[in-house]
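J.: Would you be able to build a 3D model of this:
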Amino acid sequence: MMSLRNCFFTQRVWPLLAVSLFALVVCPTLVAQQPDRESEFTDLARDVEALSRELGIYKRVAKLVSPSVVHIEATPLPQYRFRRDVEEAGSAVLVRYRGHDYVLTNRHVIKHSRENLIRLELSDGRQLEPTKIWSDAETDIAVLAVEASELVPARIGDSDLAEIGDIVLAFGSPFNLRRSVTRGIISAKGRSNLDLGDGEVVYQKFLQTDAAINPGNSGGPLVNLRGEVIGLNTAIASNSGGNEGIGFSIPINIAVRIMRQLIEDGHVERGFLGVRLDGNFDSASARYVGLKRRKGTRVTFVTEGSPASLAKLQVDDVILHFDGMQVEDDQHLINLVLRTEIGRQVDLVIFRDRKVQTIQVQIGKHADFAELLKKQ
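T.: All right, here's what the predicted structure looks like:
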């Protein structure tokens, strides 16, 4: 019996010991694999925790801004109800001006409707009806007066401080999906000469972003990481009708300036420089005055007593830059001047006598020179 036990031990146990010894000698990594894997999970958890503290900024911004975002349902008037180009839903943002609450959005969201056909849905589910509407077609800005308690106005930022590469969040109701938030960066600044459908929006100086913007986002806020509104989402460049990574927002500085004029005066005052420009300024003309290529626009007449005259702008000066923006042509300069705040002093970079120089000009009010312009 003893021999049988020894035989059993020899035949059954010894092979197991042999395999274990082989694993320890030949495959030491198999033994160490489990502790290393746990260590990697621990390291990963630590790194994710550190990253989460940074990414948590997005959650904080969304939490602060969302109560100020408004969903708009604008039922078209009967004459527009069967037109395919009419938008019936969009977005907006609550703002406070001189102690009163307003909803700031794009004009094209509500332009085919009226007060009693518009429903404003707040983040808490309440629905309001605007008491009054102001709008400006040439900048695509609309302001709606509202009356309700415990409204949460957004914090307004300074869009002039926005830089290419800044991280931004876009809020709104894309495809009627309320309270959506997307993330991206400022891709470019000062975009103009965009074809925006009916061509009414002539004063353009858009921020470009790759934050996803789709139909329904129009009028919603573009926000920086401080939770400040720096733009109103307005348009997209798309072949499909949906987001392709190129969206455009009206800088909030422009939107607020238009809003204030609409509320206070009921209309928008346009800036005035006081020059006539050469609509035929081409490459040959540019070479004639000493430029290597055509850029900017040439002055052909200066109105007496105008801001241009006071700044000593001269005939044949070529205006290259206006307020930091490169002038593309005569119409571009006209648009830049018309949307500039009245009384603001801006830098003009001009080409005169084959030299580049900078002069300052204070923008006037177009209405102040209306009678004079009729006589010219």
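
J.: Please list all residues in contact with Ala311.
T.: Leu348, Ile359, Gln360, Val361, Gln362 (CB atoms under 8 Å, 6 or more residues apart in numbering). For glycine as for every other residue, the C-beta is placed from the backbone atoms N, C-alpha and C.

J.: burial count for the second one?
T.: One way to gauge burial is a neighbour count; for Ile359, by other CB atoms under 10 Å, it gives 16.

J.: So what sits opposite it in the bridge?
T.: Ile359 forms beta bridges with Leu348, as assigned by DSSP bridges.

J.: Now do the contacts for it.
T.: Ile359 is in contact with Ala311, Lys312, Leu313, Asp347, Leu348, Ile350, counting by CB under 8 Å, 6+ apart.

J.: Pick the one among those residues closest to Val103.
T.: The closest of the contacts of Ile359 to Val103 turns out to be Asp347 (CB to CB; 35.2 Å).

J.: Now that closest one. Nearest residue, chain neighbours left out?
T.: Thr358 (5.4 Å; CB to CB, 6 or more residues apart in numbering).

J.: so who does the one you found touch?
T.: For Thr358, the contact set (CB under 8 Å, 6+ apart) comprises Asp347, Leu348, Val349, Ile350.

J.: hang on, the last one packs against Gln357?
T.: So the one you mean is Ile350. Yes: contact between Ile350 and Gln357 holds when scored by CB atoms under 8 Å: they sit 6.1 Å apart.

J.: quick one, which of the two is more surrounded?
T.: Set Ile350 next to Gln357 and count neighbours by other CB under 10 Å: Ile350 wins out with 22 against 11.

J.: Okay, and that one sits in which element?
T.: In the assignment (DSSP states H and E), Ile350 maps to strand 345-352.

J.: Tell me where the stretch 101-250 of the chain has strands.
T.: Listed in chain order, the strands of the stretch 101-250 of the chain (DSSP state E, counting those that start in this stretch) span 118-121, 127-128, 132-136, 141-145, 155-156, 167-172, 180-191, 206-209, 221-224, 228-236, 247-251.

J.: got those strands as CSV, with mean neighbour count, mean pLDDT and distance to Pro307 columns?
T.: As requested, the strands of the stretch 101-250 of the chain are exported to CSV (neighbours: other CB atoms under 10 Å; pLDDT from 0 to 100; distance: least, CB to CB, whole Å):
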stretch, mean neighbour count, mean pLDDT, distance to Pro307
strand 118-121, 19, 96, 40
strand 127-128, 14, 96, 42
strand 132-136, 18, 96, 22
strand 141-145, 24, 97, 25
strand 155-156, 16, 97, 28
strand 167-172, 24, 96, 35
strand 180-191, 18, 92, 22
strand 206-209, 24, 92, 26
strand 221-224, 28, 97, 32
strand 228-236, 27, 92, 28
strand 247-251, 26, 92, 23
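
J.: contacting residues for the residue lying closest to Gly324 once chain neighbours are set aside?
T.: In this structure, Gly324 finds its nearest non-sequential neighbour in Asp347, 7.0 Å apart by CB to CB, 6+ apart. For Asp347, the contact set (CB under 8 Å, 6+ apart) comprises His321, Phe322, Asp323, Gly324, Thr358, Ile359, Gln360.

J.: and the closest residue to the third one other than its chain neighbours, how many neighbours?
T.: Of all residues not flanking Asp323 in the chain, Val346 sits nearest, at 4.0 Å (CB to CB, 6+ apart). Counted by other CB under 10 Å, the residues lying close to Val346 total 22.

J.: got the contact list for Val346?
T.: Listed by CB under 8 Å, 6+ apart, the contact set of Val346 reads Phe322, Asp323, Thr340, Gln360, Val361, Gln362, Ile363.

J.: Look at it and report its pLDDT.
T.: Per-residue pLDDT puts Val346 at 94.

J.: next one: Thr358
T.: 96.

J.: In PyMOL, select just the buried ones from the contacts of Ala311.
T.: Here is the PyMOL selection string for the buried members of the contacts of Ala311, based on 16 or more other CB atoms under 10 Å:
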select buried, resi 348+359+361
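
J.: picking up where we left off before, would you tell me which of the strands of the stretch 101-250 of the chain gets closest to Phe281?
T.: Proximity to Phe281 (CB to CB) singles out strand 180-191 among those, at 20.8 Å.

J.: who's in contact with the closest one?
T.: Outside strand 180-191, the residues that touch it by CB under 8 Å, 6+ apart are 58, 62, 66, 162-174, 204-213, 217, 246, 248, 325.

J.: again, but for stretch 99-111
T.: Taking CB under 8 Å, 6+ apart as the rule, stretch 99-111 contacts 70, 72, 74, 87, 89-96, 118, 120, 130, 133, 135-137, 140-148, 151, 153, 197, 218-219, 232, 234, 250, 255-256, 259, 263.
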